[in-house]
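Enquirer: When you get a sec, could you give me coordinates for this:
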Amino acid sequence: MTDKKLKMGMIGGGPGSFIGSIHRNAATLDGLITLSAGSFSSTLDKSLELGRELFLPESRIYASYDEMYEKELQLPEEERIDFVCIVTPNHLHFDPTVKALQSGFHVVLDKPMTLNLEEAKELCAVIKESGRLFCLTHTYTGYPMVKQAKQLIAQGELGEIRKIYVEYPQGWLWKKFEDDNHKQAEWRTDPSKSGIGGCMGDIGTHAFNLAEYVSGLKVAKLCADLNIHIEGRRLDDDAQILLKFENGATGLLAATQIATGAENNLRIRVYGEKASLDWQQDDANSLIVRHPEKPDQIYRAGSAVPYLSSFAHENTRTPAGHPEGYIEAFANLYRNFARSLMAYNAGKSPKEEWLDFPGAEDGLRGMAFVQLAVENSGSDTKWTEFKL
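Expert: Prediction:
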């Protein structure tokens with residue numbers, strides 16, 4: 001590992017951005033990364049406003065990401081940024097990511113990967129060709145108990161996997177906020193900015209990624225039912241999708257943003273031939289394993305808990321009983337990315353646990369999932385009418 005912090009440049013995340021501050025807090029939580037530059041908005045005044053609030057020198061606050069890349073490369077290597085964090089709406093993921101990689105910068109990108117599948121395929125090729133490190137922030141894979149669940153399944157504790165349920169209920173789009181000058185609702189329900197999937201692109205990709213990550217299985221087939229419940233809305237706000245996995249296991253993915261009153265209780269249940277497990281974000285520090293002929297086992301997060309896997313330990317900061325949550329899960333992705341990058345820079349191989357963060361393949365599969373779900377849901381041959 002190197003003996004100095006990594007320097008981060010941020011694109012997007014300006015005034016009024018919810019996810020920008022989340023990324024900044026997560027990236028700097030462990031003291032491995034410092035925010036050194038940024039193009040926080042398409043409007044220079046707004047970019048300057050936030051940059052000053054963050055105590056950045058005005059010379060490192062840029063009017064555009066093109067300007068940031070150009071001027072950062074003119075700085076001595078020890079002063080310029082090491083990587084770029086991109087937290088723009090979906091339609092502004094592809095171009096700044098490609099240009100960052102081609103300029104020699106590593107990239108952390110907010111999900112979903114791109115606006116559409118075609119862009120995702122092209123971006124994967126650029127990532128491979130660049131040789132740069134790339135992280136896609138599927139936050140929920142950063143929770144210690146999610147990593148523990150993955151390891152238990154990989155070790156065969158559940159036996160052959162038979163059934164997977166994953167659900168993500170939200171209620172924040174329970175009415176047409178996009179007509180009320182609601183910035184987040186406006187772009188997430190706009191096909192030109194969000195892509196062809198609304199709920200699917202925003203949270204369905206998280207549920208899909210979690211199912212594949214925890215189970216270690218790839219989805220082989222899907223049967224989708226996407227809906228628009230709010231009159232006049234242009235993109236799906238609700239979905240349920242039947243899944244078939246590569247080993248023959250079946251599953252159900254439910255994602256909705258019109259579950260009135262619901263917050264963000266992402267949940268996954270996996271049923272195997274020997275046992276099952278259950279994790280949910282509302283109680284993120286607990287993982288329940290159920291056996292048919294003995295009491296439930298409850299795994300709890302904690303830095304000194306001896307029965308946890310090395311992957312869970314590497315992503316835990318506090319003793320048992322001190323809860324870690326969403327920011328820490330996000331920070332785990334940044335810490336693993338930073339440790340891996342520092343190791344590479346020092347000519348060393350990163351630990352396997354450090355390389356456990358989402359990457360290009362996760363992004364590509366997420367975009368394929370959105371496109372296939374939308375196409376399948378729009379077909380006429382999917383459902384058979386019930387008749388006596």
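
Enquirer: the strands in the stretch 251-388 of the chain, which residues?
Expert: 267-272, 276-280, 286-291, 294-300 (DSSP state E, counting those that start in this stretch).

Enquirer: Kindly reformat these as TSV containing distance to Tyr307, mean pLDDT and mean neighbour count.
Expert: Where C-beta positions appear, they are placed from N, C-alpha and C, glycine not excepted. Formatted as TSV, the strands of the stretch 251-388 of the chain follow (distance: least, CB to CB, whole Å; pLDDT from 0 to 100; neighbours: other CB atoms under 10 Å):
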stretch	distance to Tyr307	mean pLDDT	mean neighbour count
strand 267-272	19	98	22
strand 276-280	14	98	21
strand 286-291	11	98	17
strand 294-300	7	97	13
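
Enquirer: tell me which element Leu226 is part of?
Expert: Taking DSSP states H and E as the definition, one finds Leu226 inside strand 219-227.

Enquirer: partners of that strand, with directions?
Expert: strand 238-245 (antiparallel) (DSSP bridges).

Enquirer: Pull the residues that contact the strand holding Leu226.
Expert: 199-200, 208, 211-212, 236-246, 251, 369, 372-374, 376-378, 382 (CB atoms under 8 Å, 6 or more residues apart in numbering).

Enquirer: quick one: low-confidence parts of this protein?
Expert: Applying pLDDT under 70 to the chain flags the ranges 1-3, 381, 383-388.

Enquirer: Mind naming the longest helix for this protein?
Expert: Longest helix in the chain, counting residues (DSSP state H): helix 326-345.

Enquirer: Buried residues, that helix. List them.
Expert: For helix 326-345, the neighbour count (16 or more other CB atoms under 10 Å) marks 326, 328-344 as buried.

Enquirer: One more: stretch 121-136?
Expert: 123-124, 126-127, 130, 132-136.

Enquirer: how far is stretch 231-241 from where the chain is centred?
Expert: 21 Å (CA atoms, centre = their mean, to the nearest Å).

Enquirer: Could you do stretch 296-316 as well?
Expert: Mean C-alpha position of stretch 296-316 versus that of the full chain (CA atoms, centre = their mean) differs by 22 Å.

Enquirer: who's in contact with it?
Expert: For stretch 296-316, the external contacting residues (CB under 8 Å, 6+ apart) are 142-145, 147-148, 150-152, 284-291, 317-324, 332, 335-336, 351, 353-354, 356.

Enquirer: Show the buried residues in these.
Expert: Applying 16+ other CB under 10 Å to the contacts of stretch 296-316 flags 142-145, 147-148, 150-152, 284-285, 287-289, 317, 324, 332, 335-336, 353-354, 356 as buried.

Enquirer: so of those residues, which ones are in helices?
Expert: 144-145, 147-148, 150-152, 332, 335-336.

Enquirer: Dump those residues into TSV; add distance to Ile228 as well.
Expert: As requested, those are arranged in TSV below (distance: CB to CB, whole Å):
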residue	distance to Ile228
Pro144	37
Met145	34
Lys147	35
Gln148	37
Lys150	34
Gln151	39
Leu152	38
Asn332	35
Arg335	39
Asn336	37
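
Enquirer: For the residues you listed, name the two members farthest from one another.
Expert: Leu152 and Arg335 (22.5 Å; CB to CB).

Enquirer: need the helices for this structure, in chain order.
Expert: 18-28, 44-53, 65-74, 94-102, 117-130, 144-154, 183-188, 191-194, 199, 205-215, 310-314, 326-345, 360-377.

Enquirer: what angle separates the third one from helix 94-102?
Expert: The reference is to helix 65-74. Between the axes of helix 65-74 and helix 94-102, defined by axes from the mean of the first three to the mean of the last three CA atoms, to 10 degrees, the angle is 10 degrees.

Enquirer: try the first one
Expert: Taking the same axes, to 10 degrees, one finds helix 18-28 and helix 94-102 inclined to each other by 20 degrees.

Enquirer: same thing with the last one?
Expert: Put simply, helix 360-377 runs at 160 degrees to helix 94-102, going by the same axes, to 10 degrees.

Enquirer: Distance across stretch 259-276, terminal residue to terminal residue?
Expert: 27 Å (CA to CA, to the nearest Å).

Enquirer: actually stretch 193-208, not the one I typed
Expert: First-to-last residue span, stretch 193-208, CA to CA: 21 Å.

Enquirer: For that stretch, what is the distance to the chain centroid?
Expert: Per CA atoms, centre = their mean, the centroid offset for stretch 193-208 relative to its chain is 11 Å.

Enquirer: how many neighbours does Arg365 have?
Expert: For Arg365, the count of nearby residues is 17 (other CB atoms under 10 Å).

Enquirer: next one: Asp66
Expert: 14.

Enquirer: Over to the one 5 residues further on?
Expert: Number of residues near Lys71 (other CB under 10 Å) recorded here: 14.

Enquirer: My guess is it contacts Tyr62. True?
Expert: Yes - when contacts are counted by CB atoms under 8 Å, Lys71 is listed as touching Tyr62 (6.8 Å).

Enquirer: Would you confirm that Ser192 contacts Leu92?
Expert: No - the criterion here is CB under 8 Å, and Ser192 misses it with Leu92 at 11.2 Å.

Enquirer: Looking at those two, which has the bigger crowd around it?
Expert: Between Ser192 and Leu92, Leu92 has the larger neighbour count (other CB under 10 Å), namely 19 against 11.
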